[in-house]
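Enquirer: Here's my sequence, what's the structure:
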Amino acid sequence: MSLKNTKLVIKGAGEMASGVAWRLFKSGFNRMCMTDVSQPQAVRREVSFCEAIYDGHKTVQGVTAKLIASFDAISEAWELGQLPVIVDPEARVIDYLQPDVVIDAILAKENFGTKITDAPLVIGLGPGFCAGRDVHLVVETNRGHDLGRVIHDGEAEKNTGVPGVIAGYGAERVFRAPKDGRFLILNDIGDIVEAGKVVAEVDGMPVKAQIKGVIRGMLRDGTEVWKGMKAGDVDPRGKKDSCYTVSEKTLAIAGGVLEGILSYYNK
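Expert: From the prediction side, this is the model:
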């Protein structure tokens with residue numbers, strides 16, 4: 001079987017799922033379909049194909065995703081050189097498409113229904129999956145020495161709940177909703193902010209940046225949030241271009257997925 005005609009379903013269309021789709025597309029896999037919920041809540045919106053669900057299309061570094069309304073529209077998107085994205089939280093497209101590869105990239109920290117029988121090759125990203133039981137392969141998503149490593153037997157590291165350290169900052173990089181309510185943007189992705197700057201509000205309560213840097217991620221304006229929900233993040237390195245390109249972490253994870261697929265079909 002030609003790998004060029006390999007059919008893939010990617011569950012999720014947020015940052016990590018999009019980075020995986022981007023790298024696979026750039027590697028010649030252009031028969032993919034991505035699924036997501038009707039109101040995705042991606043923080044790194046500029047590199048998340050799920051934004052197509054709101055805007056119809058989303059382009060990330062030269063690769064364009066297109067929102068489709070039905071499974072019948074998948075082939076048309078492929079012919080246009082685009083990635084179809086469909087609102088399909090149950091991933092019913094798997095039954096329709098009969099893919100060669102299924103990748104669960106929801107990053108929910110638990111398995112919400114992915115089965116090792118979903119396709120000849122099933123890959124899960126991060127904790128919540130057991131290679132050899134739920135999926136064939138797991139790719140490590142935790143920062144550190146094993147980031148992007150392919151696991152053939154067993155599970156990824158447990159979720160720490162602590163943001164990874166970038167330029168000496170960890171939890172300080174992230175800003176969270178101070179209460180339940182509606183999120184109002186005052187600064188957006190790509191803006192340079194100082195520590196203490198009010199970057200957003202939730203029903204009048206301020207959301208402040210804790211460090212100086214560039215806003216790399218921010219929820220969409222008007223998003224309904226809950227207290228403690230991640231609403232955005234600041235990159236202390238301050239490079240605006242990083243807001244619009246796939247991150248080093250995501251590229252490492254996507255590389256693990258690519259390795260898993262190639263090793264399966266070249267064995």
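Enquirer: Tell me which residues touch the residue of the chain most remote from its centre, please.
Expert: Computed with Cα atoms, centre = their mean, the residue of the chain farthest from its C-alpha average is residue 204, at 29.7 Å. Residues near residue 204 by Cβ atoms under 8 Å, 6 or more residues apart in numbering: none. Just so you know, the C-beta spots here come from the backbone N, C-alpha and C atoms, and that holds for glycine as well.
Enquirer: So it versus residue 223, what's the distance?
Expert: Distance from residue 204 to residue 223, counting by Cβ to Cβ, to the nearest Å: 16 Å.
Enquirer: Next: residue 193.
Expert: Counting by Cβ to Cβ, the gap from residue 193 to residue 223 is 19 Å.
Enquirer: Residue 87 too?
Expert: For residue 87, the distance to residue 223 - Cβ to Cβ - is 17 Å.
Enquirer: out of these two, which sits in the more crowded spot?
Expert: residue 223 (21 against 16; other Cβ atoms under 10 Å).
Enquirer: which one is the more buried one nearest to, not counting chain neighbours?
Expert: In this structure, residue 223 finds its nearest non-sequential neighbour in residue 183, 4.5 Å apart by Cβ to Cβ, 6 or more residues apart in numbering.
Enquirer: which residues does that neighbour contact?
Expert: So residue 183 contacts 177, 200-202, 207, 219-225, 231 (Cβ under 8 Å, 6+ apart).
Enquirer: What strands line up against whatever helix or strand it lives in, and which way round?
Expert: Using DSSP states H and E, residue 183 falls within strand 181-185. Strand 181-185 pairs in its sheet with strand 198-202 (antiparallel), strand 224-225 (antiparallel), by DSSP bridges.
Enquirer: How far away from the center of its chain is the first one?
Expert: Shown here is strand 198-202, whose average C-alpha point lies 24 Å from the average C-alpha point of the whole chain (Cα atoms, centre = their mean, to the nearest Å).
Enquirer: Tell me how this structure divides into domains.
Expert: 3-156+248-265, 171-235 (automatic domain parsing).
Enquirer: What is the subsequent helix or strand relative to the strand holding residue 183?
Expert: Note on strand 181-185: by DSSP H and E, the next helix or strand toward the C-terminus is strand 192-193.
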